[in-house]
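[1] I would like to see how this sequence folds:
(one chain, ligands or ions: 1)
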Amino acid sequence: MDVKAGATVAALQAGLPLEPLENRILLCHALGLTRVGLITQSERTITDTEAATLAALVERRLHGEPIAYIVGRREFFGLDFRVTSAVLIPRPDTELLVELALAHLPQQGRVLDMGTGSGAIAVAIAHTRRDAQVTALDVSPAALDIARQNAVTNGARVRLVQSDWFAAISGERFDMVVSNPPYIAKGDAHLSQGDLRFEPSGALTDHADGLSALRIIIAGAPGHLEPGGWLLMEHGYDQAAQVRQLLEEHGYVDVASWRDLAGIERVTGGRAP
Ligand code: GLN
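    Residues are numbered from 1 along each chain as shown. Sure, this is the predicted structure:
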């Protein structure tokens, strides 16, 4: 794409090739302007450096890179999160898991978030419930680094632990376990489409039938939950019945699924035996 130095902000915006919202986001990012600044400074002219910066950003988007990675940010649960290609981009669907966790968490509850990635779930819970003691784990040091930054910038107190599922937390007990684990089956066509192509595969797929991470969590959580403590997991659009069955086989009670905004059973949980 050719961006002309010397053009006004307004002329530039009108000539960008993406959807209007994406044009605006990249223009704000390249020029260091807010949405309001884009209007109040619409007659300002663009420098060579700004033109080159913007052209590079637009080029990345035209190659399919998610806008959240290009600008390095995504809003989730009303909070601002830093994201890089080391972490899954937080999805609006996952706000359902946060809502359910908040609704079921006892006072001063200890929560464990397994596979925290950007820290979105853990930070949203800790930010909303100052009484909660939130622990978040991930196997990826790069993800934990991002999660730490997100906890700090959002003023949320979260304890971060590097752990391959339950490996590094033996002997610890919690009042609730939450997770948005990798649940897409190996070879699923979605993995080679859209934003998912750019996201860490370890955050998306278990490289198996899609249920293996959910099985590990369901089998292991009773050893780390107080009796009656909730396990709440996000899963794929067609996995709710299988996840309920796994929970029942492991003796969980009050097993239930909840629908996301699209009407899809997206979160399933139960209380530990
Ligand atoms: N919800 C994501 C998607 O399908 C997948 C996230 C995950 O595997 N945990 O785009």
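[2] The stretch 151-273 of the chain against the ligand: which residues are in contact?
    Within the stretch 151-273 of the chain, the positions adjacent to the ligand are N180, P181, P182, Y183, I184, L196, L204 by Cβ under 6 Å from any ligand atom. Heads up, the C-betas are built off the backbone N, CA and C, glycines and all.
[3] Max pairwise distance over the residues you listed: which two?
    Across these, the longest distance by Cβ to Cβ is 15.4 Å; it joins P181 and L196.
[4] what about stretch 38-56, start to end distance?
    This stretch, stretch 38-56, spans 19 Å end to end (Cα to Cα, to the nearest Å).
[5] List the buried residues of that stretch.
    L38, R44, I46, E50, A51, T53, L54 (16 or more other Cβ atoms under 10 Å).
[6] Would you confirm that the first one contacts H29?
    No: the pair L38 and H29 fails to qualify as a contact (Cβ atoms under 8 Å) at a distance of 11.0 Å.
[7] show me where pLDDT drops low in the stretch 1-150 of the chain?
    1-3 (pLDDT under 70).
[8] What parts of it come near the ligand?
    L88, R91, D93.
[9] To which secondary structure element is the first one assigned?
    Under DSSP states H and E, no helix or strand contains L88.
[10] Quick check: the gap between it and P182.
    L88 is 9 Å from P182, where distance means Cβ to Cβ, to the nearest Å.
[11] Need the overlap of contacts for these two.
    A203, L204 (Cβ atoms under 8 Å, 6 or more residues apart in numbering).
[12] For the stretch 51-200 of the chain, which segments count as helices?
    Taking DSSP state H, counting those that start in this stretch to define them, one finds helices in the stretch 51-200 of the chain at 67-71, 95-104, 120-128, 141-153.
[13] show me the contacts for A272.
    Per Cβ under 8 Å, 6+ apart, neighbours of A272: A221, P222, L225, E226, P227, G228, G229, W230, L231, Y252.
[14] hang on, the earlier thing: redo the helices of the stretch 51-200 of the chain as JSON lines? Include mean neighbour count.
    Formatted as JSON lines, the helices of the stretch 51-200 of the chain follow (neighbours: other Cβ atoms under 10 Å):
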{"stretch": "helix 67-71", "mean neighbour count": "20"}
{"stretch": "helix 95-104", "mean neighbour count": "19"}
{"stretch": "helix 120-128", "mean neighbour count": "26"}
{"stretch": "helix 141-153", "mean neighbour count": "19"}
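[15] Determine which of the ones you listed approaches S257 most closely.
    helix 95-104 (10.5 Å).
[16] counting contacts, what elements does the closest one pack onto?
    helix 120-128, strand 174-179, strand 225-234, strand 265-271 (3 or more Cβ pairs under 8 Å, 6 or more residues apart in numbering; DSSP states H and E).
[17] Report the mean per-residue pLDDT for the shortest one.
    Right, strand 174-179. Mean pLDDT, strand 174-179: 98.
[18] Which residues does whichever helix or strand comes after that strand contact?
    For strand 174-179, the following helix or strand on the C-terminal side (DSSP H and E) is helix 201-204. Residues from elsewhere that reach helix 201-204 (Cβ under 8 Å, 6+ apart): V87, L88, G115, G117, V139, S140, A143, P182, I184, L191, L196, H207.
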